[in-house]
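1. What follows is a predicted structure for the sequence shown.
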Amino acid sequence: MSLIDNPDQARRLARAIMSDVAIYNREKVEQGIKNDNIFDILSEELDEGRQHFNTRVTPGLAQSNMFEIAVVDVLIKRAGKIESPIW
């Protein structure tokens, strides 16, 4: 399997990984947003997602902030409807 070297494809991969994290960990996401500790609660899942991303893209894309942007866009922004003191 060849590594992804296209930035748009890498962004899609990062977003897909984060969508899976959000879907399979709905309760953790909700709890993390409500208690402002989402990165602590999902640290294992985020680490695993990051590792998966890094194994699928070229080193240059792995070093970018693409994965972190996907975390914010998919996990944080989509959770905006959850009541929390952080908003």
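-> Sure, I can see it. Numbering: from 1, shown residues only.
2. how close does residue 18 get to residue 2?
-> 23 Å (C-beta to C-beta, to the nearest Å). C-betas here are computed from N, CA, C, even on glycine.
3. So, low pLDDT: which residues of the chain?
-> 84-87 (pLDDT under 70).
4. Tell me which stretches of it form helices.
-> 7-24, 26-34, 38-41, 43-56, 59-62, 66-70 (DSSP state H).
5. Could you report the neighbour count for residue 59?
-> 9 (other C-beta atoms under 10 Å).
6. quick one: it and residue 53, what's the gap?
-> If you go by C-beta to C-beta, the gap between residue 59 and residue 53 works out to 12 Å.
7. same check, this time on residue 40
-> 20 Å.
8. residues touching residue 46, list them.
-> Residue 46 sits next to 21, 39, 71 when contact means C-beta atoms under 8 Å, 6 or more residues apart in numbering.
9. Okay then, goodbye and thanks.
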